[in-house]
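Asker: Predicted model, plus sequence, below.
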Amino acid sequence: MTWFASLLGGINVGGHRNVPMGELRGLFADLGYPEAKTYIQSGNVVFEAEAEAAALEADLGGAIERRFGFPVLVIVRSREELDAVIAANPFDGRDLDLSRMVVTFLSAPIPEGVSLVVPDGYPEEVVGAGREVYVSYPDGMGRSTLDRSGVWKPLAGIGATTRNWRTVCTLRRLMGE
């Protein structure tokens, strides 16, 4: 059995696409993952399975749509992949406020030759690596205008969901050793 983190995109935001976490845990139990644990209301589930991440993404996405009536982006990372995400933190060891850092998990790798360039005058730092993008928001994500800068345009068509650094580390802790 392998531990996985399932990250749902675009649920429970602004009163739309509501997925109660108790019902989500129930769905995971119905799918054969009775020990699934959720963390906060943004659709984070850790569970053990004997499957490949890509198959889990498809199966979970279909089951969630059938149960809740709308499609949901599902991105799955194994415990080992989450370990690699944490180890690859490009901001580690720097004097940055990690509470203002996020990881955007992508449904596909960043296309070869694509770079994410923060325009001059923006305080944010963006580092893309494989299927993740790390972003430091020194003034806070809520005050940032980076989304309007076009920095994400090269990733058009790739599914993405973002988690703050604390959530990433907590999901990993929930998976145990």
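Answerer: Structure's in. What do you need? Residues are numbered from 1 along each chain as shown.
Asker: so what's the closest residue to Arg131 other than its chain neighbours bridging to?
Answerer: In this structure, Arg131 finds its nearest non-sequential neighbour in Leu106, 4.6 Å apart by CB to CB, 6 or more residues apart in numbering. No exception for glycine: its C-beta is placed from N, CA and C like everyone else's. Beta-bridge pairing for Leu106 (DSSP bridges): Ala160.
Asker: List the contacts of Leu106.
Answerer: In this structure, Leu106 makes contact with 75, 131-133, 155, 158-160, judged by CB atoms under 8 Å, 6 or more residues apart in numbering.
Asker: Which neighbouring elements make contact with the helix ranked longest in the chain?
Answerer: Secondary structure of the chain per DSSP state H: the longest helix is helix 53-68. Secondary-structure packing of helix 53-68 (3 or more CB pairs under 8 Å, 6 or more residues apart in numbering; DSSP states H and E): strand 2-9, helix 21-30, strand 73-78.
Asker: send the alpha carbons of the longest one over as PDB?
Answerer: Coordinates of each C-alpha in helix 21-30 appear next as PDB, following Å, rounded to 0.1, in the frame of the first residue of the first chain:
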ATOM      1  CA  MET A  21     -15.500  17.000   4.000                       C
ATOM      2  CA  GLY A  22     -17.600  14.400   5.900                       C
ATOM      3  CA  GLU A  23     -19.300  13.400   2.700                       C
ATOM      4  CA  LEU A  24     -15.900  13.400   0.900                       C
ATOM      5  CA  ARG A  25     -14.500  11.000   3.500                       C
ATOM      6  CA  GLY A  26     -17.600   8.900   3.100                       C
ATOM      7  CA  LEU A  27     -17.100   8.700  -0.700                       C
ATOM      8  CA  PHE A  28     -13.500   7.600  -0.100                       C
ATOM      9  CA  ALA A  29     -14.700   4.900   2.300                       C
ATOM     10  CA  ASP A  30     -17.200   3.700  -0.300                       C
END
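Asker: Any buried residues in that helix, and which?
Answerer: If you call a residue buried by 16 or more other CB atoms under 10 Å, then helix 21-30 has these buried ones: 21, 24-25, 27-28.
Asker: Given the helix or strand that it is followed by, what are its sheet partners and their directions?
Answerer: Downstream of helix 21-30, the next assigned helix or strand under DSSP states H and E is strand 37-39. For strand 37-39, the paired strands and their directions (DSSP bridges) are strand 44-49 (antiparallel).
Asker: Quick check: buried residues in stretch 128-146?
Answerer: Buried residues in stretch 128-146, counting neighbours by 16+ other CB under 10 Å, are found at 128, 131-137, 141, 144, 146.
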